[in-house]
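S.K.: coordinates only, sequence not included:
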């Protein structure tokens, strides 16, 4: 690939999945063999069989992938080779030439689809009555090994290495100063970008704040009773939902054989996370539509990227850090959604980040851009407004 493509060229890209890929998908869905389930157990043992059957039927008979393609192709998409990976990204520039460049980073099992509902409003705040000064130029890459980015062909593609690739991308696009926003792996990768490129990052906004108490300190110091209760509740809620991390962090290749071969298996694996990690009353569709879930599932299917995407967990555990970040000095905002899988008290976060804004949201979970776009948009705007005013 790199022998025939100028590695620094930025090439336009259009989503166009071959029809035979979609025909094969439907054929496999027709032949689905679902397992038994103990009656009235719902989601207790994993993905609920009744809901999965309903979702698979909708996927086969009603879901319109071409509509999702058209939605993505409304945005300006490109590819460029960085560190041997053909990196896919959306680059949507605001009509405001003074707009703030913003790197938006997704996680797993998400994708660039997470952001499609907020792109226009971040790019053009005037469209919904906002301040033109809050406009952003948006750069939204697909993580290496995810979606339309190619899969790394060597070991070692840790979140830190992805952060270096994204910093290179921003430089290649001509952005000397920019903000960063991310959740899930996007929060971890974004932390590395902010920590290792502080001369370029003007501010870091994250809805996935990780961190423990400062070494040698009392872990309860500065932690409120409400924070202690929320942390305990989140630990308990996630206790039986974290096994995927051990599987993907140790043997992702074995898991990938099943998920890459069976669309039903892939859908079950992913929708379990959309159900368990979102703010809902037991029904995943309290938080997402079937189309939103299946847009992400289908993207993993048509690109064959579930195995390469899962390897980020392995690399995070096994690839040695070249430049570990102990403290993020750039201004940082934490957007705290109550049903996020982890909760970090503010006092703990302040030992690892220069926290200048801390917003405890009234609702929402792990997939903030999909679940609560309004809350996320307003917090991102407010934070970078404060950052610009302070410069």
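M.R.: Okay, I see it. Treat the numbers as computed from the prediction; the structure is a model and nothing was measured. Residues are numbered from 1 along each chain as shown.
S.K.: surely residue 156 and residue 315 touch.
M.R.: Yes - Residue 156 is in contact with residue 315 according to Cβ atoms under 8 Å; the separation is 6.5 Å. Where C-beta positions appear, they are placed from N, C-alpha and C, glycine not excepted.
S.K.: which one's more surrounded, the two?
M.R.: residue 315 (20 against 12; other Cβ atoms under 10 Å).
S.K.: host element of that one?
M.R.: In this structure, residue 315 is located in helix 306-318 according to DSSP states H and E.
S.K.: what comes into contact with that helix?
M.R.: Among residues not part of helix 306-318, those counted as contacts by Cβ atoms under 8 Å, 6 or more residues apart in numbering are 108-109, 143, 145-146, 151-152, 155-159, 161-162, 185, 188, 245, 248-250, 252-253, 255-257, 259-260, 266, 269, 300.
S.K.: all strands of the stretch 201-350 of the chain, in order?
M.R.: Using DSSP state E, counting those that start in this stretch, the strands of the stretch 201-350 of the chain run over 201-206, 328-336.
S.K.: for residue 75, find the nearest of those strands.
M.R.: Closest of the strands of the stretch 201-350 of the chain to residue 75 is strand 201-206, at 20.9 Å (criterion: Cβ to Cβ).
S.K.: who are the packing partners of that closest one?
M.R.: Packing partners of strand 201-206 (3 or more Cβ pairs under 8 Å, 6 or more residues apart in numbering; DSSP states H and E): strand 178-182, helix 185-196, strand 328-336, helix 373-390.
S.K.: what's the closest of the ones you listed to residue 51?
M.R.: Using Cβ to Cβ, the helices and strands packed on strand 201-206 put helix 373-390 closest to residue 51, at 24.1 Å.
S.K.: tally of neighbours for residue 238?
M.R.: Residues lying near residue 238 (other Cβ under 10 Å) number 16.
S.K.: my read: it touches residue 341, true?
M.R.: Yes - Residue 238 is in contact with residue 341 according to Cβ under 8 Å; the separation is 5.1 Å.
S.K.: in the stretch 1-150 of the chain, which spans are helices?
M.R.: For the stretch 1-150 of the chain, the helices defined by DSSP state H, counting those that start in this stretch cover 19-30, 49-61, 65-73, 119-123.
S.K.: which one of those helices lies nearest to residue 369?
M.R.: Set against residue 369 and scored by Cβ to Cβ, those come closest in helix 119-123, at 9.7 Å.
S.K.: in the closest one, which residues are buried?
M.R.: The neighbour-count check on helix 119-123 (16 or more other Cβ atoms under 10 Å) flags 119, 121-123 as buried.
S.K.: can you list contacts of that helix?
M.R.: For helix 119-123, the external contacting residues (Cβ under 8 Å, 6+ apart) are 75, 90, 92-94, 99, 102, 127-128, 130, 135-138, 140, 373, 377, 380-381.
S.K.: ok, 10 Å please
M.R.: 74-75, 90, 92-96, 99-100, 102, 104, 112, 115, 127-128, 130, 134-138, 140, 181, 369, 373-374, 376-378, 380-381, 384 (Cβ atoms under 10 Å, 6 or more residues apart in numbering).
S.K.: same question for that helix, mean pLDDT?
M.R.: For helix 119-123, mean pLDDT rounds to 98.
S.K.: show me which residues of stretch 290-310 are buried.
M.R.: Buried residues in stretch 290-310, counting neighbours by 16+ other Cβ under 10 Å, are found at 290-303, 305-310.
S.K.: buried residues in the helix or strand containing residue 357?
M.R.: Residue 357 is part of strand 353-360 when elements are defined by DSSP H and E. Going by neighbour count (16+ other Cβ under 10 Å), the buried part of strand 353-360 is 353, 355, 357, 359.
S.K.: quick one: which of those is nearest residue 230?
M.R.: Proximity of the buried residues of strand 353-360 to residue 230 (Cβ to Cβ) peaks at residue 359, which lies at 14.3 Å.
S.K.: so what's that closest one up against?
M.R.: Neighbour list for residue 359: 205, 207, 333-337, 375-376, 378-379, 382-383 [criterion: Cβ under 10 Å, 6+ apart].
S.K.: thinking again about what came up before, okay if I get the strands of the stretch 201-350 of the chain as a markdown table plus distance to residue 85, mean pLDDT and mean neighbour count?
M.R.: Formatted as a markdown table, the strands of the stretch 201-350 of the chain follow (distance: least, Cβ to Cβ, whole Å; pLDDT from 0 to 100; neighbours: other Cβ atoms under 10 Å):
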| stretch | distance to residue 85 | mean pLDDT | mean neighbour count |
| --- | --- | --- | --- |
| strand 201-206 | 22 | 98 | 26 |
| strand 328-336 | 25 | 98 | 23 |
